[in-house]
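> the following block contains a protein sequence and its predicted model.
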Amino acid sequence: MAAAVASARCARRADAPANAGRPGGSLVATIRSSPGTFNRLMAQERALDLIGRLTYGQLVRINRATWEVEPWLAESWTASPDGLRYTLNLRRDVAFSDGHPFTADDVVFSLAAVNEEKTGSPISETVRVGGKPLRAEATDAHTVAITFPSPFGPGLRILDNLWILPKHLLEPALREGTLGKAWGLATPVHDLVSLGPFVLSAFEPGQRLVFTRNPHYWRKDSSGRQLPYLDQLTLEIVPEQDAETLRLQSGQSDLIATELRTADYAPLKQLADQGKITLLDVGDGYDADSLWINLKPGAFAKNDSRAAWIQRDELRQAISMAVDRELFVNTVYLGAAAPMFGPISPANKKWFAADIPHPPHDPARARQLLASIGLVDRHGDGMLDDARGQPARFTLITQKGRSDRERAATVIRGELRNIGLTVDVVMLDFLEVVKRIYSGNYEAIYLGAPATDVDPASNLDFWMSSGGQHFWNPAQKTPATDWERRIDELMSRQIATLDQTERQRIFIDVQKIFADHLPAVYFAAPHVFVATSSRLTNVTPSRIPPQVLWSADTLQVR
């Protein structure tokens with residue numbers, strides 16, 4: 001069966017359809033945060049992911065519109081009957097942007113780099129199976145054999161997470177144990193070599209990144225024209241969403257790299273009706289923000305009276321019942337969202353478990369849950385206190401400049417006040433929020449992390465207790481709780497079977513355990529709208545970021 005699936009997948013072409021638009025021209029897009037590095041191995045952030053899609057290369061690519069695996073630097077492959085060994089045939093006459101040939105040695109090097117402990121890559125876990133690395137062997141210059149440590153249901157989908165590095169430039173850094181520091185923001189842009197459609201040609205920190213056509217890019221359209229069509233692509237760094245929207249409305253930019261705010265839909269619809277912009281309705285989103293409490297053992301000192309209750313399941317269950325999701329949808333997203341009760345959006349029809357508990361809006365029951373962990377109104381002022389008489393209070397951090405997150409935090413604060421909890425909301429710049437997450441210096445956070453694929457096996461760093469994206473208590477050496485251990489066991493079984501029906505059944509059980517303990521509380525998945533200037537053509541929008549620039553090599557301007 002694995003061989004049949006591989007044969008079917010490798011039959012797909014990577015050629016882009018020919019288009020009547022003119023080649024050349026430039027495009028300006030806006031992003032909300034600056035990258036922390038140019039080294040795709042060393043961070044998981046939206047800005048760096050976008051840079052990776054513009055400048056790096058992958059063996060296979062997951063099409064963000066169809067969710068099918070496409071041949072990319074590997075033009076075809078075969079699989080062994082047990083599904084453990086894939087032999088990939090690489091495209092010939094492919095070169096890095098400096099003209100150096102791309103070969104199987106670069107693939108072997110890249111896999112070794114991402115798995116090297118001294119590199120400390122946070123994405124290493126996304127290219128592992130059962131916590132063990134894949135093995136790569138170059139059988140000749142254009143053939144590489146990749147061996148999986150155990151059966152893996154999604155097969156080659158995992159290679160969408162493997163970014164190919166130039167061995168001829170970075171091998172000394174790997175050998176010396178300094179690869180994690182390579183390609184930092186101080187690296188001259190001409191030293192950053194690309195396999196993608198563009199090369200970074202200018203960087204002004206906090207201001208913009210300018211990309212120009214990679215003259216050695218391998219991909220062509222079906223008429224034989226070399227891609228990308230664009231000569232230049234500029235990413236302007238605009239932290240405030242209001243400013244982003246104004247730039248689009250005034251024609252200063254051609255698109256917003258991430259999803260459009262629902263509040264901007266009405267004014268942009270007027271411009272769309274006048275033919276000044278193009279407005280696309282992509283559908284209900286796959287991604288959603290959530291609220292989580294810091295569940296790392298010892299995060300709250302023993303002399304902190306909150307240690308007795310703030311990490312309890314009952315608190316998070318009470319929060320879920322206290323927040324009116326209909327109010328949340330209407331206030332935060334102006335009605336353009338779908339209520340959510342877990343991390344899988346109803347839009348992800350293949351993997352969504354429709355029968356997970358949907359707790360009703362029930363403030364009275366929420367108060368009962370809080371009373372069961374010692375939080376009651378001891379002073380008759382309507383607000384809850386713990387067993388030591390201290391206020392039931394915590395600080396919620398979210399991203400400054402994202403109006404939807406700011407509104408969400410305000411709604412949550414108000415709804416929790418109605419059940420006697422005091423929430424202090426603090427707005428911070430995005431990179432500061434990320435620092436707080438990984439340092440563990442926070443009490444509660446409201447934020448989201450974009451999924452990279454609809455298949456949960458591609459997001460094991462979220463589901464597994466050892467994962468770096470297991471935000472409430474990341475990178476656990478052993479599971480901190482019995483329920484996390486159970487999810488680890490189920491996800492290990494889920495990825496190991498090649499039977500897709502069985503994979504879906506197991507993942508339903510995973511979602512039910514998650515719903516029982518609610519390490520992260522979800523409220524709504526926003527509807528996805530995309531707006532671009534009317535001069536932009538060949539747009540294939542996706543429901544996850546970057547909605548348009550994931551296929552930047554085929555974009556054209558009139």
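That came through fine. Residues are numbered from 1 along each chain as shown.
> tell me how many other residues surround A347.
Per other C-beta atoms under 10 Å, the neighbour tally for A347 reads 19. For glycine as for every other residue, the C-beta is placed from the backbone atoms N, C-alpha and C.
> repeat for D381
Neighbours of D381 under the rule other C-beta under 10 Å: 10.
> mind checking the SS state of it?
The three-state label given to D381 by DSSP: H, G, I helix; E, B strand; the rest coil is coil.
> next, it: phi, psi?
Torsion angles at D381 (phi, psi; degrees, to the nearest 10) stand at phi -110, psi 10.
> kindly report the same for E137.
Backbone torsions for E137, taken as degrees, to the nearest 10, come to phi -140, psi 130.
> that one contacts T143, correct?
No. Contact criterion C-beta atoms under 8 Å: E137 and T143 do not qualify, at 9.3 Å.
> quick one: P339 from P519, how far?
Going from P339 to P519 by C-beta to C-beta, to the nearest Å gives 19 Å.
> more neighbours, those two?
P519 (20 against 16).
> just give the nearest non-adjacent residue to the more buried one, would you?
Among residues not flanking P519 along the chain, W472 sits closest, at 4.6 Å (C-beta to C-beta, 6 or more residues apart in numbering).
> so that neighbour is in contact with P297, correct?
No. With contact defined as C-beta under 8 Å, W472 does not reach P297; the gap is 11.4 Å.
> who's more crowded, the two?
W472 (21 against 10).
> just give me the longest strand of this structure.
strand 524-533 (DSSP state E).
> show me what that strand is packed up against.
strand 255-256, helix 265-273, strand 277-284, helix 325-332, strand 337-339 (3 or more C-beta pairs under 8 Å, 6 or more residues apart in numbering; DSSP states H and E).
> tell me which of E137 and T143 has more neighbours.
Comparing E137 with T143 by other C-beta under 10 Å, the one with more neighbours is T143, at 17 against 14.
> contact partners for the more buried one?
Listed by C-beta atoms under 8 Å, 6 or more residues apart in numbering, the contact partners of T143 are T87, L88, N89, L90, A104.
> mind doing that once more with 6 Å?
Going by C-beta atoms under 6 Å, 6 or more residues apart in numbering, T143 touches N89.
> next one: the one 10 residues further on
Neighbour list for G153: I495, T497, L498, R503 [criterion: C-beta under 6 Å, 6+ apart].
> could you say which helix or strand holds the first one?
What it means is I495. Using DSSP states H and E, the element containing I495 is helix 482-496.
> from W72, how far off is L233?
19 Å.
> these two - which one has more neighbours?
Comparing L233 with W72 by other C-beta under 10 Å, the one with more neighbours is L233, at 23 against 20.
> wait, isn't that one in contact with L209?
No. Counting by C-beta atoms under 6 Å, L233 stays clear of L209, with 8.9 Å between them.
> shouldn't L54 be in contact with G196?
Yes. Using C-beta under 6 Å, L54 is in contact with G196, at 5.5 Å.
> mark which of the contacts of G153 are buried, thanks.
Those of the contacts of G153 that meet the buried threshold are I495, L498, R503, by 16 or more other C-beta atoms under 10 Å.
> list just the nearest of those to M464.
Taking C-beta to C-beta as the measure, M464 lies nearest I495 of the buried ones among the contacts of G153, at 9.9 Å.
> leaving out chain neighbours, which residue sits closest to that closest one?
A457 (4.6 Å).
> go on, P122?
Computed as C-beta to C-beta, 6+ apart, the closest residue to P122 that is not its neighbour in sequence is G468, at 4.8 Å.
> that neighbour reaches G120, doesn't it?
No. Counting by C-beta under 6 Å, G468 stays clear of G120, with 10.5 Å between them.
> who has more neighbours out of those two?
With neighbours defined as other C-beta under 10 Å, G468 and G120 compare such that G468 has more, 19 against 12.
> quick one: that one from L248, how far?
Where L248 is concerned, G468 sits at a distance of 34 Å (C-beta to C-beta).
> do N538 as well
Distance, N538 to L248, by C-beta to C-beta: 18 Å.
> those two: which is more packed in?
Neighbour totals were compared for N538 and L248, and L248 leads with 25 against 18 (other C-beta under 10 Å).
> give the contact list for T331.
By C-beta under 6 Å, 6+ apart, T331 lies in contact with V411.
> no wait, E484
By C-beta under 6 Å, 6+ apart, the contact list for E484 reads S465.
> what about the residue lying closest to P479 once chain neighbours are set aside, distance to V199?
Counting by C-beta to C-beta, 6+ apart, P479 lies nearest to R485, which is 3.8 Å off, once chain neighbours are set aside. With the distance defined as C-beta to C-beta, R485 ends up 46 Å from V199.
> comparing these two, which residue is more hemmed in?
Comparing R485 with V199 by other C-beta under 10 Å, the one with more neighbours is V199, at 24 against 14.
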